[in-house]
Structure formats: C-alpha cells, structure tokens
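Novice: take a look and give me a structure for this.
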Amino acid sequence: MPASNSDHLRQEVVDYFAHRFGVDTQWLSSLSFVERQDEIWATSAPPLPGLHAARLPGLRVLRRAPSGLKPTSVFLSLLGNRITTSRIDVDDERLHKLLNGQRIAIDHSEGHVAIVYRGDVLGCGRLHGGLLRALIPTGRRRELLNALSRFPRAK
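Specialist: Model (predicted):
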C-alpha cells in the first residue's frame with residue numbers, strides 16, 4: 001500500500017527537525033502533523049469530529065517559505081534542550097542587539113537556528129552571509145526585552 005500524504009508530511013517534518021536541529025526522532029514520533037495553507041501544525045490530540053475539524057488543535061511548527069521550511073519560535077522554545085545542533089548561544093549584549101532588530105556576526109552554517117540565552121531556547125533566527133537575524137515575533141521580543149531589563153546583566 002502506498003504511503004499517504006500525511007506519512008510524507010510526517011517524514012518531511014521529522015527529517016527536518018532531526019537533521020537541522022538534532023531532535024531525537026522518537027520524541028517527534030508521538031505527534032501528528034497537518035498542513036494547511038503552507039503552515040504545518042503538530043498535535044498529540046485525536047482529530048476533532050464534524051465542523052470542529054476546521055480548527056487545528058496544537059501548535060504551528062513550520063511554515064513553507066520561498067527559501068524552504070521555517071520553524072516557529074514557539075516550537076523551537078518547546079523543543080528546548082532537545083535541540084542539539086544549530087544552536088547559537090548569545091550573551092546579554094548580543095541578545096539585546098538581536099531583540100532590537102540588529103544583525104550580529106556569527107560563524108556558523110547558514111540557515112535557521114535556535115537562539116539560546118543562558119540555556120533557554122528563546123526562538124528562531126536565520127543566519128545568512130555570516131549575519132544572524134532574530135525571527136522572533138515582535139510581541140515576544142518586547143516581552144523578552146522587558147524581562148531582561150529587570151535582571152542584572154551577566155558579566
């Protein structure tokens with residue numbers, strides 16, 4: 001019996017997170033994936049019946065962009081320490097620059113990365129031409145800048 005579209009989607013998503021971010025495929029195997037309008041969602045809940053099926057339970061994990069798959073910041077944050085590759089650790093100064101929309105020079109392979117601060121994955125970044133740009137949503141950036149302003153900077 002040929003594989004279904006959902007089997008192809010599952011394999012694409014699992015392969016992406018395993019290869020790009022080093023996430024253990026076992027952890028991802030408990031999730032179901034659904035694609036709608038170039039957005040890929042993950043859930044561990046059973047499908048909703050009837051008209052409720054139009055609503056997607058779960059989290060948006062990826063978007064299809066012209067440059068390829070783009071992970072969401074919220075899903076990268078959820079994955080946290082399960083991300084073992086494509087992690088960029090930043091200090092206070094670099095984090096402030098990123099959250100304020102500036103790019104910083106980084107020596108790492110190009111593509112999407114997890115931005116990590118003091119061990120916590122804060123969200124998605126994109127490295128292109130040796131420069132890292134934060135792709136964290138604006139509201140979340142504001143929350144993080146506000147939280148950072150209340151703590152002394154690491155020395």
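Novice: top helix in the chain by residue count?
Specialist: Assignment by DSSP state H gives helix 5-21 as the longest helix of the chain.
Novice: I'd like the next helix or strand past it.
Specialist: helix 25-28 (DSSP states H and E).
Novice: residues of that following helix that come out buried?
Specialist: In terms of neighbour count (16 or more other CB atoms under 10 Å), helix 25-28 has its buried residues at residue 28. C-beta here means a position set from N, CA and C on the backbone, and glycine is covered the same way.
Novice: tell me what that helix is packed against?
Specialist: Applying 3 or more CB pairs under 8 Å, 6 or more residues apart in numbering; DSSP states H and E, one finds that helix 25-28 makes contact with helix 5-21.
Novice: show me what the helix it packs on is packed against.
Specialist: Using 3+ CB pairs under 8 Å, 6+ apart: helix 5-21 touches helix 25-28, strand 32-36, strand 39-43, strand 59-65, strand 68-71, helix 73-79, strand 111-117.
Novice: okay, these in JSON lines with mean pLDDT and distance to residue 85 next?
Specialist: Shown next, in JSON lines, are these (pLDDT from 0 to 100; distance: least, CB to CB, whole Å):
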{"stretch": "helix 25-28", "mean pLDDT": "91", "distance to residue 85": "14"}
{"stretch": "strand 32-36", "mean pLDDT": "89", "distance to residue 85": "21"}
{"stretch": "strand 39-43", "mean pLDDT": "92", "distance to residue 85": "20"}
{"stretch": "strand 59-65", "mean pLDDT": "95", "distance to residue 85": "17"}
{"stretch": "strand 68-71", "mean pLDDT": "96", "distance to residue 85": "13"}
{"stretch": "helix 73-79", "mean pLDDT": "97", "distance to residue 85": "12"}
{"stretch": "strand 111-117", "mean pLDDT": "97", "distance to residue 85": "9"}
